[in-house]
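Visitor: Just need the structure, nothing else, for what follows:
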Amino acid sequence: MLTGEYSANLTKLKDTLRSDESFDLVQRNLIINSRKAALFFIDGFIKDDIIEKILEFFYKNLTEENFKSARYFSQSAVPYVEVETSDDIKKICTNVLSGFAALLVEGFDRVILLDTRTYPQRDTAEPENDKVLMGSHDGFVEALVLNTALIRRRIRTPDLTIKSFQVGSQSQTDIALVYMESKVDKKFLKQLVARINAIKVPSLTMNQQSLIEALYKHKWYNPFPKVKHTERPDTAASAVLEGNIIILVDNAPNALLLPTSIFDILEEADDYYFSPIVGTYLKLARYLITIVTVFITPVWLLALQNPEYVPQIFRFVLLDEVQNVPVFWQLLIMEIAIDGLRLASLNTPNSLTTPLSIIGAIALSEFAVESGWLCMESILYMALVTVANYTQPNYELGYSLKFCRVLLLVLTYAFNLWGFIAAFIINLLFLCLNRTLSNKSYLYPLIPFNANAFLRKIVRLRSR
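Guide: Here you go, the predicted structure:
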């Protein structure tokens, strides 16, 4: 706690902030109306022009009357909107390191905190991984305040509530819960707030992923995503209006939607920007294609292992020639090779992306077939799976489906039909036993069944 002794207060702040050790933590000594003062701030986090105008006001317009107390000074002598006072050393230092400017004045037992911060950031633009054919083309950025403003712009009601928290004993990362007071599940909100307050970690190193792992510590073996990510403010605002809770994390250009189910994750904004009949078609097509990506290669492998069960009309899927490499290993090799190409494309300069794609396509098609490693049918089905994975927007869900598909392949190859059935049951258990952060079913509204809610998830109905 601070006292009325200026020298002691100055020493406490300098020692706690370690301002002499960091070149970007600036201490600006001032004389305001014959009183000593010190301004602490992070170079690069403050708006220089605003600080200059505030200091100019201090030098020209203050009288002794303004110095009754720190609170009175902040009310009568600080020509700025976002101002508060504090005598808590820890709070003062955290705010300074977050971008506030802290003004210590001789004779005051409190510090005046000025929220003049600004962060280096990119302009808001359409997300690369969450594009739409119609609708708005803005997206979240890495600044928390701007992200909350993008939601406020779409929901203009006092019922919209945004609560802030700080997580991480060292990082003190800002996070915000966004919800509608009249629609949110109060019990779930209370549980979520308690979980956030109970988090004991040094920092959120990987932003939202670190937060999810801190909130959801159990069932790490289940591959299906526990929350839905979105980089679109319109999607986040729509979820809030439906009664969901949005979590925004500073330095993360997307939002977490809670609670969520497999049906929520499979939705995308284009479903609602088109007319109901088109939106319904897009939904149903995405569900069907998602199922196909999981089962097409395991079912084909099962057919090759049991050709006597294949109907005459589908016997064209069988192979006429003996393969140098068993089909199972071909499919497994391509599963890994496609991921290798995907990772390579992420780390390839833009100017080389197209040549790399061409080389990869040739290597996995013509050359691979001629060399005897792969057959054309394997390449065809894996190409279909790879392209079809992009029909759903969630990258994490894509890998969850991949793990399910590989499990089906392995058990089918090892135990034939019974292996296929066992893998199907295991994958179904992964879905059924996965729980959301609200401890509700991951398959809701299918399990437990809610006819009206299920209809709205499957069919695009007219907006209410």
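Visitor: Low-confidence bits of the stretch 51-200 of the chain, can you list those?
Guide: For the stretch 51-200 of the chain, no stretch is flagged by pLDDT under 70.
Visitor: Helices of that one, start to end?
Guide: 70-76, 89-98, 144-152, 186-197 (DSSP state H, counting those that start in this stretch).
Visitor: Any idea what M180 is bridged to?
Guide: Residues in a beta bridge with M180, per DSSP bridges, are L160.
Visitor: again with I246
Guide: Going by DSSP bridges, I246 is paired in beta bridges with V178, L257.
Visitor: re the thing from before, which of the helices of the stretch 51-200 of the chain sits closest to K131?
Guide: helix 144-152 (16.8 Å; Cβ to Cβ). C-beta here means a position set from N, CA and C on the backbone, and glycine is covered the same way.
Visitor: Run through the neighbouring helices and strands of that closest one.
Guide: strand 160-167, strand 173-180, helix 233-241, strand 245-249 (3 or more Cβ pairs under 8 Å, 6 or more residues apart in numbering; DSSP states H and E).
Visitor: between those, which gets nearest to L417?
Guide: Using Cβ to Cβ, the helices and strands packed on helix 144-152 put helix 233-241 closest to L417, at 41.8 Å.
Visitor: for stretch 127-139, which positions count as buried?
Guide: P127, D130, K131, V132, G135, D138, G139 (16 or more other Cβ atoms under 10 Å).
Visitor: Hmm, R117 and S98 touching each other?
Guide: Yes. Between S98 and R117 a contact is recorded at 6.8 Å, counting by Cβ atoms under 8 Å.
Visitor: Need the residues touching each of those two.
Guide: Shared contacts of S98 and R117, defined by Cβ atoms under 8 Å, 6 or more residues apart in numbering, comprise F45.
Visitor: Which one's more surrounded, these two?
Guide: R117 (20 against 17; other Cβ atoms under 10 Å).
Visitor: separation between the more buried one and I54?
Guide: 14 Å (Cβ to Cβ, to the nearest Å).
Visitor: mind listing what V292 touches?
Guide: The neighbourhood of V292, defined by Cβ under 8 Å, 6+ apart, consists of L384, A388.
Visitor: So which bits of the helix or strand encompassing it are buried?
Guide: Here V292 sits within helix 276-305, counting by DSSP states H and E. Going by neighbour count (16+ other Cβ under 10 Å), the buried part of helix 276-305 is 279-280, 282-283, 286-287, 289-290, 293-305.
Visitor: try stretch 147-155
Guide: Buried, per 16+ other Cβ under 10 Å, within stretch 147-155: N147, T148, L150, I151.
Visitor: Over to stretch 108-115?
Guide: Buried-residue list, stretch 108-115, by 16+ other Cβ under 10 Å: F108, R110, V111, I112, L113, L114, D115.
Visitor: As JSON lines, those residues with distance to M334 would be great.
Guide: Listed next are the buried residues of stretch 108-115 as JSON lines, based on distance: Cβ to Cβ, whole Å:
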{"residue": "F108", "distance to M334": "70"}
{"residue": "R110", "distance to M334": "66"}
{"residue": "V111", "distance to M334": "62"}
{"residue": "I112", "distance to M334": "64"}
{"residue": "L113", "distance to M334": "58"}
{"residue": "L114", "distance to M334": "59"}
{"residue": "D115", "distance to M334": "54"}
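Visitor: and those, which of them are in strands?
Guide: Judged by DSSP state E, the subset of the buried residues of stretch 108-115 located in strands is V111, I112, L113, L114.
Visitor: can those go into a markdown table with extra columns for distance to K68?
Guide: Below are these laid out as a markdown table (distance: Cβ to Cβ, whole Å):
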| residue | distance to K68 |
| --- | --- |
| V111 | 16 |
| I112 | 13 |
| L113 | 19 |
| L114 | 19 |
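Visitor: out of those residues, who's nearest L258?
Guide: L113 (31.7 Å).
Visitor: Look up how far C93 lies from the closest one.
Guide: For L113 relative to C93 (Cβ to Cβ), the value is 11 Å.
Visitor: what's the longest helix in the chain?
Guide: In the chain, with assignment by DSSP state H, the single longest helix is helix 395-433.
Visitor: Same list (the helices of the stretch 51-200 of the chain) but as a markdown table, adding distance to Q312.
Guide: Output for the helices of the stretch 51-200 of the chain, formatted as a markdown table (distance: least, Cβ to Cβ, whole Å):
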| stretch | distance to Q312 |
| --- | --- |
| helix 70-76 | 86 |
| helix 89-98 | 71 |
| helix 144-152 | 58 |
| helix 186-197 | 54 |
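Visitor: Figure out which of those helices is closest to I212.
Guide: Using Cβ to Cβ, the nearest of those to I212 is helix 186-197, at 11.1 Å.
Visitor: quick one: whichever helix or strand comes after the closest one to helix 395-433, angle?
Guide: Next in sequence after helix 186-197, counting helices and strands by DSSP H and E, comes helix 208-215. If you take axes from the mean of the first three to the mean of the last three Cα atoms, to 10 degrees, helix 208-215 sits at 20 degrees to helix 395-433.
Visitor: show me what contacts Q121?
Guide: V141, E142, A143, L146.
Visitor: From the residues you listed, list just the buried residues.
Guide: V141, E142, A143.
Visitor: if we take those residues, which one ends up nearest to K14?
Guide: A143 (29.1 Å).
Visitor: if I read this right, that closest one contacts D250, doesn't it?
Guide: Yes. Using Cβ under 8 Å, A143 is in contact with D250, at 7.4 Å.
Visitor: still on that earlier bit, following the helix holding V292, which helix or strand comes up?
Guide: helix 327-346.
Visitor: Buried residues, that following helix. List them.
Guide: Those would be V327, F328, Q330, L331, L332, I333, M334, E335, A337, I338, L341, for helix 327-346 by 16+ other Cβ under 10 Å.
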